[in-house]
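Engineer: Everything below, folded, please.
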Amino acid sequence: MARVAREMVEKAGIDVDKLVDMLVKNASAELTTYYYYTILRVNLIGLEGEGLKAITEDARIEDRNHFEALVPRIYELGGALPRNMNDFHDISACPPAYLPDDPTDIQAMLKVLVDAERCAVKGYSAICNLTAGKDHRTYELSLAILNEEIEHEAWFSEFLGEGPSGHGGVRREAGHSPHVSRFMS
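Structural biologist: Okay, here's the model as predicted:
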């Protein structure tokens with residue numbers, strides 16, 4: 001643990017245990033979303049499904065990257081990941097992104113995808129609100145993840161026909177994480 005890092009965050013007036021809890025729950029959401037998006041992506045077949053496959057893959061890999069970027073900060077602040085994977089899954093900040101009952105229903109699939117991203121946007125917005133001006137490292141990391149989650153939401157909401165977002169869609173390098181890559185070791 002980086003004792004001074006935790007001490008500085010506490011001195012800034014943040015309940016570090018609450019912050020660590022939020023970070024662990026969001027890390028769980030990222031890893032479980034990576035898992036569930038793997039299942040969703042495999043089922044994106046046919047004319048409509050193939051158009052979503054690349055974007056889902058990009059969001060899937062970036063969610064894994066988000067998990068990888070969060071873990072060091074959790075431990076720097078004196079936290080830890082649960083010892084048991086089942087426990088870790090069950091504390092996720094977001095509900096599971098389960099495959100719809102009818103995996104050929106692309107609209108249902110899109111609803112699962114966009115709902116997962118909207119939950120992530122809310123979670124990282126809450127962390128940013130808590131840490132703004134107080135915990136610069138956690139704030140910057142959460143803001144970087146938030147920017148990518150907003151892009152993911154925009155990609156899927158466009159497919160739902162909710163209007164143009166102004167985002168370009170798939171990254172030039174799949175899973176590159178343009179905002180988060182600087183936090184990954």
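
Engineer: contacting residues for D135?
Structural biologist: M8, V9, A12, I14, L19 (Cβ atoms under 8 Å, 6 or more residues apart in numbering). From N, CA and C alone the C-beta is placed, and that goes for glycine too.

Engineer: out of those, which are buried?
Structural biologist: By neighbour count, with 16 or more other Cβ atoms under 10 Å, those hold M8, V9, I14, L19 as buried.

Engineer: circling back: Throw the contacts of D135 into CSV and include secondary structure and pLDDT, thanks.
Structural biologist: Formatted as CSV, the contacts of D135 follow (DSSP: H, G, I helix; E, B strand; the rest coil; pLDDT from 0 to 100):
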residue, secondary structure, pLDDT
M8, helix, 94
V9, helix, 96
A12, coil, 97
I14, coil, 98
L19, helix, 98
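
Engineer: Out of those residues, which two sit at the greatest distance?
Structural biologist: Spatially, the most separated pair among the contacts of D135 is M8 and L19, at 12.4 Å (Cβ to Cβ).

Engineer: Okay, now the unreliable bits of the chain?
Structural biologist: The chain contains residues with pLDDT under 70 at 1, 166-175, 185.

Engineer: Could you name the helices and strands sitting against the helix ranked longest in the chain?
Structural biologist: When the chain is scanned for its longest helix (criterion: DSSP state H), the result is helix 46-76. For helix 46-76, the packing partners by 3 or more Cβ pairs under 8 Å, 6 or more residues apart in numbering; DSSP states H and E come out as helix 16-42, helix 106-131, helix 136-159.

Engineer: can you tell which of those helices is closest to L77?
Structural biologist: Using Cβ to Cβ, the nearest of the helices and strands packed on helix 46-76 to L77 is helix 16-42, at 5.2 Å.

Engineer: From the contact counts, what lies against the closest one?
Structural biologist: helix 3-11, helix 46-76, helix 85-90, helix 106-131.

Engineer: Can you tell me the SS state at E162?
Structural biologist: Judged by DSSP: H, G, I helix; E, B strand; the rest coil, the three-state class of E162 is coil.

Engineer: mind checking which of the helices and strands packed on helix 46-76 is nearest F88?
Structural biologist: Nearest to F88, of the helices and strands packed on helix 46-76 and by Cβ to Cβ, is helix 16-42 at 5.2 Å.

Engineer: Skip the chain neighbours and tell me the closest residue to C128.
Structural biologist: S142 (5.1 Å; Cβ to Cβ, 6 or more residues apart in numbering).

Engineer: again but with A144, I slipped
Structural biologist: H179 (3.9 Å).

Engineer: I am finished for the moment; much appreciated.
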